[in-house]
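Student: Just a sequence and a predicted model for now, questions to come.
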Amino acid sequence: MPRMNRSPLSWLLAAGSILLCPACSAAPTIKASDPRSPLSLVQTIPLPGTKGRIDHLAVDVEGRRLFVAEVANGTVDVIDLRAGKVVGRVSGLKEPQGVAWLPRQDEFVVACGDGSVRFFAGRDRHEVATVTLGDDADDVRVDPSDGWVVVGYGKGGLATIDPATHKLVGRVLFRSHPEGFQLSGNRAFVNVPEDGAILALDMERGTVAARWSTGVHRLNFPMAIDAAGQTITIAYRLPAAWARIDVRTGATVAISSTCGDSDDLFAAGDSELVVCGAGHVDLVRNDRTVARVVTGGGARTGLYVPEFRELFVAVPSRGKPAAIWALRLRDAD
């Protein structure tokens with residue numbers, strides 16, 4: 001999610017959240033191989049030739065394929081989940097960060113650090129189109145209402161692209177780079193950690209409807225939204241914390257400690273899953289962390305797929321080859 005161009009202070013604070021993390025939760029730490037773990041390891045998929053940081057993932061549910069943006073490699077891997085292996089790769093990309101699957105077009109879209117948003121055919125991976133946003137195209141969402149692609153980018157903006165024509169159809173501009181964001185009807189909610197805030201956007205009018213300060217908590221990168229669109233959940237890196245926020249008022253209605261260096265967060269039924277580079281996935285139920293499942297150092301991004309009840313976690317190469325872990329969510333006791 002974040003690029004390597006942040007201020008030294010930001011990186012120092014992010015590192016500090018990792019150092020503080022071991023004492024930040026009383027939840028039991030457990031291995032995914034333990035039969036008592038709420039997340040059971042069901043598959044490990046190697047990523048041959050993948051070095052450095054891995055960013056976002058996307059899934060083709062019907063085709064059972066996973067797309068992996070390997071930002072340091074400049075590649076996107078296509079994984080056949082039935083076979084449990086990489087079956088294709090797009091190379092030569094400049095910092096691929098966000099990725100999404102477009103079932104109506106049979107295409108996948110990749111947002112890159114050079115500001116390009118690139119569309120590729122799902123079958124043979126040839127490039128179909130490119131939209132240039134200027135700088136640092138990052139997180140990607142597909143609007144479930146119309147299938148349009150929304151991309152966070154640059155010094156502060158969300159861009160909307162019609163994937164049928166590959167044309168830019170709208171922008172909302174603000175004053176700081178967007179990280180995690182979510183869509184809900186004609187609204188979007190955006191984490192802007194460098195501004196110490198969460199924004200509520202009116203996508204139809206192209207305006208910022210509200211700005212909510214994060215106060216003493218900083219470095220808010222990941223975000224999830226509940227099915228009813230009433231609350232968002234975010235994770236802070238300093239201090240490492242999980243919070244639920246009412247989208248009508250911006251008020252924090254629940255907060256608890258969580259693991260450090262978080263970069264992805266997902267709603268999963270009655271639970272939230274926080275994916276953290278400190279080497280854990282935290283499982284939150286009833287507004288508190290109830291279990292911490294061990295993954296690997298730097299494994300801070302992933303994707304929860306409700307159709308499979310599986311969380312895919314990108315584990316980078318650190319002494320061992322890079323891999324995708326498939327963790328299946330067990331039913332609550």
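Tutor: Great, that's in hand.
Student: Which residues belonging to stretch 126-144 are considered buried?
Tutor: 128, 131, 133, 135-143 (16 or more other C-beta atoms under 10 Å). For glycine as for every other residue, the C-beta is placed from the backbone atoms N, C-alpha and C.
Student: Low-confidence bits of the stretch 201-333 of the chain, can you list those?
Tutor: For the stretch 201-333 of the chain, applying pLDDT under 70 flags the ranges 332-333.
Student: what about the helices in it?
Tutor: For the stretch 201-333 of the chain, no helices turn up when DSSP state H, counting those that start in this stretch is the criterion.
Student: quick one on the thing from earlier: would you format the buried residues of stretch 126-144 as a markdown table with distance to residue 252 and secondary structure included?
Tutor: Formatted as a markdown table, those follow (distance: C-beta to C-beta, whole Å; DSSP: H, G, I helix; E, B strand; the rest coil):
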| residue | distance to residue 252 | secondary structure |
| --- | --- | --- |
| 128 | 42 | strand |
| 131 | 36 | strand |
| 133 | 32 | coil |
| 135 | 32 | coil |
| 136 | 28 | coil |
| 137 | 30 | coil |
| 138 | 25 | coil |
| 139 | 22 | coil |
| 140 | 27 | strand |
| 141 | 23 | strand |
| 142 | 28 | strand |
| 143 | 27 | coil |
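Student: now, among those residues, which is nearest to residue 117?
Tutor: residue 131 (4.4 Å; C-beta to C-beta).
Student: and residue 29, how many neighbours does it have?
Tutor: 14 (other C-beta atoms under 10 Å).
Student: Any idea what it is bridged to?
Tutor: residue 292 (DSSP bridges).
Student: before we move on, the earlier item: what's the closest of the buried residues of stretch 126-144 to residue 31?
Tutor: Among the buried residues of stretch 126-144, residue 139 lies closest to residue 31 (C-beta to C-beta), at 30.3 Å.
Student: Could you double-check that that closest one sits in contact with residue 179?
Tutor: Yes. Between residue 139 and residue 179 there is a contact at 6.7 Å, judged by C-beta atoms under 8 Å.
Student: before we move on, back to that, let me have the buried residues of stretch 126-144 in TSV, adding pLDDT and distance to residue 69 as columns.
Tutor: Output for the buried residues of stretch 126-144, formatted as TSV (pLDDT from 0 to 100; distance: C-beta to C-beta, whole Å):
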residue	pLDDT	distance to residue 69
128	98	17
131	98	17
133	97	16
135	94	17
136	97	14
137	98	11
138	97	10
139	97	11
140	98	9
141	98	14
142	98	15
143	97	20
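Student: Could you single out the nearest of these to residue 294?
Tutor: residue 139 (26.4 Å).
Student: ok now do the nearest residue to residue 46 once chain neighbours are set aside, which residues does it touch?
Tutor: The shortest distance from residue 46 to any non-neighbouring residue, by C-beta to C-beta, 6 or more residues apart in numbering, is to residue 323 (5.3 Å). For residue 323, the contact set (C-beta atoms under 8 Å, 6 or more residues apart in numbering) comprises 44-47, 315.
Student: Distance of residue 323 relative to residue 200?
Tutor: 38 Å (C-beta to C-beta, to the nearest Å).
Student: Then residue 105?
Tutor: For residue 105 relative to residue 200 (C-beta to C-beta), the value is 30 Å.
Student: now do residue 68
Tutor: 31 Å.
Student: likewise residue 110?
Tutor: Taking C-beta to C-beta, one finds residue 110 at 27 Å from residue 200.
Student: So for the two, which sits in the more crowded spot?
Tutor: Neighbours around residue 110 and residue 200, counted as other C-beta under 10 Å, are more numerous at residue 110. The numbers are 25 against 18.
Student: Contacts only, for that one.
Tutor: 69, 76, 90, 93, 96, 98-99, 117-118, 120.
Student: Tell me how far residue 308 lies from residue 215.
Tutor: In terms of C-beta to C-beta, residue 308 sits 37 Å off from residue 215.
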